[in-house]
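Peer 1: I would like the atomic coordinates for the input below:
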Amino acid sequence: MKRLLAIELQKIWLNKASRVLTLTYFILLSFIALIASIKFDLGVFKFHLAEMGIFNFPFIWHFNTYIAAILKLFLAIVIVSMMANEYSYGTLKQNLIDGMSKKEFVLSKFLTVVVFALASTAFVFVMSLILGLCFSSYTEFGIIFSDLDYLIAFFVKLMGFFSLCLFLGILVKRSAFALGFLLVLSIVETIIKGILTFRIFPDSPIAGYITQFFPLQSMSNLIEEPFSRLSIVKTIGAQIGVENNIDYSVHFTSILIVLVWTFAFVYLSFRLLKNRDL
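Peer 2: Residues are numbered from 1 along each chain as shown. Prediction:
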């Protein structure tokens, strides 16, 4: 496994575009810290994000994993490009000629996916810990390390999403088409969700029960948006009569659904590659 992973990481690092995108992704992740410096002072109206509690433990785990997950598209481009380059440069055929099996080839790509997801999770953990210790009003040990299930959800979300990108990269062979297919899938899911929610099952939770099994929607369900948890948002909502019934917790069923999709994407990648004439 180490040999397979070393080969893939070397391919990514030697490719200038992939190297730049990967570094850009982690640099942008670190920019979350700049949110703490955002201040608006307009007379009586003063706005300082850090003072709103976004870096308080344990809320910071929810907030930072949600924001960091938005940036996952950068690594998605790396992954689909990684597969496109295999076809464009003929390295896939050469690896098979050199004795690597198709199973080992897919495994090497999946190991890369796992490493990207683990590295991202570790980076977010360290960054959140530092920011929390600097800005949080609560620094008790029990509070600091509560709600770490958001990090687990973040890792599973990235692993599932990157596995989908891997499958699309093998399916269509071109990075631009793979990303386009990803966009189409997102649009199709949104349309179907809208029809189920507002047309077929209005005022009913049935639409949610169905759409939770959609691949992209299941990944989105892992980490709900955190902004409505802020006290200032709750206060405004109470004043205008908006009731907040959102369940922000990470559910085991949501994690299980994404893990099943992850297995399905990796297995389909292998079957597709195995049956394809290279």
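
Peer 1: give me the number of residues near residue 90?
Peer 2: Using other Cβ atoms under 10 Å, residue 90 has 12 neighbouring residues. Just so you know, the C-beta spots here come from the backbone N, C-alpha and C atoms, and that holds for glycine as well.

Peer 1: just residue 104 next, same as before
Peer 2: Residue 104 sits with 16 neighbouring residues when counted by other Cβ under 10 Å.

Peer 1: swap in residue 134?
Peer 2: Neighbour count of residue 134, defined by other Cβ under 10 Å: 12.

Peer 1: how far does whatever helix or strand it lives in sit from its chain's centre?
Peer 2: For residue 134, the element it lies in under DSSP states H and E is helix 102-135. Helix 102-135 sits 10 Å away from the centroid of its parent chain (Cα atoms, centre = their mean, to the nearest Å).

Peer 1: quick one: list the elements packing against it.
Peer 2: Helix 102-135 sits against helix 2-14, helix 16-30, helix 59-70, helix 73-88, helix 91-97, helix 141-144, helix 149-172, helix 252-275, with contacts defined as 3 or more Cβ pairs under 8 Å, 6 or more residues apart in numbering; DSSP states H and E.

Peer 1: and the angle for it with helix 73-88?
Peer 2: Orientation of helix 102-135 against helix 73-88 (axes from the mean of the first three to the mean of the last three Cα atoms, to 10 degrees) gives an angle of 160 degrees.

Peer 1: helix 102-135 to helix 59-70, inter-axis angle?
Peer 2: Following the same axes, to 10 degrees, one obtains 140 degrees for the angle between helix 102-135 and helix 59-70.

Peer 1: before we move on, back to that, could you redo the helices and strands packed on helix 102-135 as TSV and give each row mean pLDDT, distance to residue 228 and mean neighbour count?
Peer 2: Below are these laid out as TSV (pLDDT from 0 to 100; distance: least, Cβ to Cβ, whole Å; neighbours: other Cβ atoms under 10 Å):
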stretch	mean pLDDT	distance to residue 228	mean neighbour count
helix 2-14	80	38	14
helix 16-30	86	23	14
helix 59-70	92	11	22
helix 73-88	83	24	21
helix 91-97	76	46	14
helix 141-144	90	21	13
helix 149-172	94	16	24
helix 252-275	94	18	17
